[in-house]
Structures are given as structure tokens and as C-alpha cells.
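Undergrad: no letters, just coordinates:
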């Protein structure tokens, strides 16, 4: 298992008329955390794309527990629990500045050839990069 952290300041643009994060914007924050995670394990999205692979999200499960609020600096914990094959399952948890769990999500991505748009196996070099951190 690999677990890394990402910090994010809640922007005014992240919030709705009630002053809390708009429900769909949690996914943008999780995407930023996931991109940072991949950068930290030396597997940036740009390198994956250069290899001819895209990684569309194919399933999202989000549990909204408490709202994040404007100007908070929240902490997102991102982890991968098992090596990918044709799919990569990523787990996210979002915490308040007081370390209270606000939100959690399980996001499943697929590995797809960017020319044929057909599912492919995870490239070995990605698996090797992940193994370095397990």
C-alpha cells in the first residue's frame, strides 16, 4: 500500500451559495491530489499520456460526511492498496484543519489506448514505479 498527502486551500470558486464546497468540486480536488500522488511516485500523467495511455474515470463513490469551508487548508490522503492490472483503484480521504474526516471517495480509473480507445493492461513501468513505494 502507498499513502501520500496533498494540501489544498479551499478557494471561493470551490464553494457554493452556502459557503461550503460544492459537491462536484470535491472531485476536482481529488483529481489534483491524484495528480500530485502520481508525480510523487515518479509517474506523472504527462508521461503516461506520452506513452499513449489515457486514464478515464470509470467509477466514483463519494461519501459526504461534513462540508469543507472557504479558506480552509484541507489535507487529502491518497492511497493505492493493490497493484493495478487493467484498472487503478484510488482511495481518497479529506480532512479539516482540525483533522476531522470530511469526505472520502473511491475512484476507479481504466487504462485506455489513446488511439483505439480500447482498454489495455497497466504498463509494466507504472507497476514497477508503484512497487518502489510499497
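TA: Noted; the coordinates are in hand. The model shown is predicted, which means the values in this text are computed figures rather than measured ones.
Undergrad: all helices of this structure, in order?
TA: Applying DSSP state H to the chain gives helices spanning 25-40, 45-50, 124-131.
Undergrad: any idea how far the residue nearest to residue 125 when sequence neighbours are not counted lies from residue 111?
TA: Distance criterion CB to CB, 6 or more residues apart in numbering; nearest residue to residue 125, sequence neighbours excluded, is residue 51 at 7.7 Å. In this view, the C-beta of every residue, glycine as well, is placed from N, C-alpha and C. Per CB to CB, to the nearest Å, residue 51 is found 10 Å from residue 111.
Undergrad: compare neighbour counts for the two and give me the winner.
TA: Using other CB atoms under 10 Å as the criterion, residue 51 and residue 111 rank with residue 111 on top: 21 against 13.
Undergrad: ok, that one - contacts?
TA: By CB atoms under 8 Å, 6 or more residues apart in numbering, residue 111 lies in contact with 53, 55, 84, 86, 87, 88, 119, 120, 121, 122, 123.
Undergrad: of those, closest to residue 130?
TA: Nearest to residue 130 among those: residue 84, at 7.4 Å, using CB to CB.
Undergrad: surely the closest one meets residue 129?
TA: No: Residue 84 lies out of contact with residue 129 (CB atoms under 8 Å); the separation is 10.9 Å.
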